[in-house]
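Visitor: what's the 3D shape of this:
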Amino acid sequence: MTEPPRPPSVDALARSLTGTGLPHPLLVDVARQAIAAGRPEEAPARAAAAGRALLQPVVNATGVLLHTNLGRAPVPAEEAGTYSNLELDLSDGRRGSRQDRAGPLLARGCGAERALVVNNCAAAVVLVLAALARGRGVVVSRGELVEIGGGFRIPEVLAQSGARLIEVGTTNRTRLADYRGAVEDPAADVALVLKVHPSNYRITGFTEDVEVAALSGLGVPVVADIGSGLLDATAPWLPGGPPSWLAGEPGARQTLAAGAALVTFSGDKLLGGPQAGVIAGGTDLVAACSAHPLARALRPGGLVLAALQRTALAYLHRDHSAIPFWRMATTSVDALRARAETVVAGVPGGRARVVPCTSVTGGGTLPGVEIASAGVAVDGDHAAALRQRDRPVVARVAEGVTVCDLRTVDPGDDAELAATLASLAPAGG
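Guide: From the prediction side, this is the model:
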């Protein structure tokens with residue numbers, strides 16, 4: 001009786017995979033899995049799959065500028081492996097605060113007295129509520145008790161912070177009198193009014209809400225969670241001023257000027273920086289947030305603060321080209337169409353064509369708002385094949401056609417995109 005061939009040793013199979021670039025411990029895991037499955041010949045494919053599962057650069061050809069699955073705002077990562085003065089005051093050699101750089105720059109950009117940086121916008125809201133309203137009432141319109149991505153629900157956040165939710169108004173209509181009634185009720189013990197921007201949805205039709213300016217006269221601090229992180233609605237960093245698709249989006253500067261005591265917003269949305277949360281406003285209230293024990297748990301690291309500092313400096317320089325989000329968002333359709341024609345010329349056989357596209361901001365910002373764009377289309381559903389490339393391309397497919405929207409593709413990647421499209425098997429081939 002012929003005995004079945006013995007499987008290779010785990011070590012030998014792992015060493016045969018060294019060309020994949022994965023570290024030996026991971027290759028040992030891959031080898032063991034392949035041998036346990038009785039298919040050691042699949043080890044190279046398993047190793048390749050393990051490599052693709054790691055974080056890596058991708059080409060975003062979806063037309064979604066702030067694609068949550070792709071990291072939202074693209075931020076250059078150029079930090080050298082050196083120390084920084086993260087918590088050192090270089091003037092006197094004493095210990096400083098990591099909040100002394102990016103925060104003041106952002107405060108300057110939005111007209112706040114002071115700003116504090118934390119991990120994300122959810123953390124900013126939790127910290128504000130815990131520091132300023134624990135055990136007390138917080139008034140929120142029922143139309144603003146939102147849930148955003150990841151199960152972030154305003155009522156649950158208030159409960160976790162120790163604050164007490166006071167709902168006013170109805171889902172579609174809340175009036176100033178509703179807020180006033182809650183604030184003037186002695187039993188309610190109101191600490192704050194929380195105004196929440198419903199970033200990723202809209203209520204239309206028979207609606208009514210109350211602006212920050214009116215709420216600021218109620219006698220308690222108004223905290224406005226503007227979410228998306230537009231620093232200034234006038235967009236002074238853009239040569240032509242704010243684009244039409246930005247109309248109606250609240251800016252941090254205008255919200256504070258209208259009377260908000262604090263604003264909270266994200267760093268990786270319309271601000272165009274790294275994932276972070278910003279609390280900006282009056283010195284005393286921001287200081288109270290900074291002094292709360294949660295502030296240390298929610299503080300960002302040096303890499304995030306360095307990236308946020310670069311972003312803030314670009315705003316103060318009024319250099320939108322230094323912020324990839326704004327550079328991509330404001331590229332003209334004519335420029336995108338010219339690039340698309342160049343890409344198409346690099347795909348032989350007439351298999352690609354220039355098409356009009358519609359981009360969106362994404363990331364829970366500006367729902368329903370569309371931005372005209374241009375891209376390249378090839379027949380067939382090639383989404384899976386594009387994701388498997390050494391440099392993955394994430395595109396969209398509609399009605400059997402793969403479309404690469406160039407608004408979200410860096411111009412430096414156009415030639416590589418053309419070569420990738422040229423290598424695809426013809427539809428139906």
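Visitor: can you show me the strands along the stretch 101-250 of the chain?
Guide: Along the stretch 101-250 of the chain, counting by DSSP state E, counting those that start in this stretch, strands occupy 114-118, 137-141, 147-148, 152-153, 164-168, 190-196, 222-227.
Visitor: tabulate the ones you listed (TSV), appending mean neighbour count.
Guide: For the C-beta atoms, the positions are set from N, CA and C on the backbone; glycine is no exception. What follows is the strands of the stretch 101-250 of the chain, written out as TSV (neighbours: other CB atoms under 10 Å):
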stretch	mean neighbour count
strand 114-118	25
strand 137-141	25
strand 147-148	15
strand 152-153	14
strand 164-168	19
strand 190-196	24
strand 222-227	26
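Visitor: right, and those strands - which one's nearest Ala34?
Guide: strand 152-153 (40.3 Å; CB to CB).
Visitor: any idea of the mean pLDDT in the closest one?
Guide: Across strand 152-153, pLDDT averages out at 78.
Visitor: what residues does that strand touch?
Guide: Outside of strand 152-153, the residues within contact range by CB atoms under 8 Å, 6 or more residues apart in numbering are 122, 145-147.
Visitor: same thing with stretch 205-223?
Guide: Counting by CB under 8 Å, 6+ apart, 128, 132, 139, 141, 143-144, 172-176, 179-180, 183, 190-195, 224, 255, 258-264, 285 sit against stretch 205-223.
Visitor: can you select the buried ones among the residues you listed for me in ChimeraX?
Guide: Selection of buried members from the contacts of stretch 205-223 for ChimeraX, criterion 16 or more other CB atoms under 10 Å:
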select :128,132,139,141,143,144,174,175,176,179,180,183,190,191,192,193,194,195,224,255,258,259,260,261,262,263,264,285
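Visitor: what about the stretch 301-429 of the chain, any weak spots by pLDDT?
Guide: 427-429 (pLDDT under 70).
Visitor: ok, the closest residue to Ala123 other than its chain neighbours to Cys289 distance?
Guide: Nearest residue to Ala123 in three dimensions, chain neighbours excluded: Leu298, at 4.4 Å (CB to CB, 6 or more residues apart in numbering). When CB to CB, to the nearest Å is the yardstick, Leu298 and Cys289 sit 10 Å from each other.
Visitor: which residues do these two both contact?
Guide: With contacts taken as CB under 8 Å, 6+ apart, the residues that reach both Leu298 and Cys289 are Leu127.
Visitor: show me the domain layout of the protein.
Guide: 11-52, 59-74+327-422, 98-323 (automatic domain parsing).
Visitor: could you dump these into a markdown table with distance to Leu88 added?
Guide: Shown next, in a markdown table, are the domains of the chain (distance: least, CB to CB, whole Å):
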| stretch | distance to Leu88 |
| --- | --- |
| domain 11-52 | 34 |
| domain 59-74+327-422 | 29 |
| domain 98-323 | 10 |
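Visitor: returning to what we had before: output the strands of the stretch 101-250 of the chain in CSV; the columns should cover distance to Pro242.
Guide: Shown next, in CSV, are those (distance: least, CB to CB, whole Å):
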stretch, distance to Pro242
strand 114-118, 22
strand 137-141, 27
strand 147-148, 24
strand 152-153, 28
strand 164-168, 32
strand 190-196, 22
strand 222-227, 15
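Visitor: out of Leu298 and Cys289, which sits in the more crowded spot?
Guide: Ranked by neighbour count (other CB atoms under 10 Å), Leu298 and Cys289 place Cys289 first, with 24 against 21.
Visitor: who are the neighbours in contact with that one?
Guide: 116, 127-128, 131-132, 279, 295.
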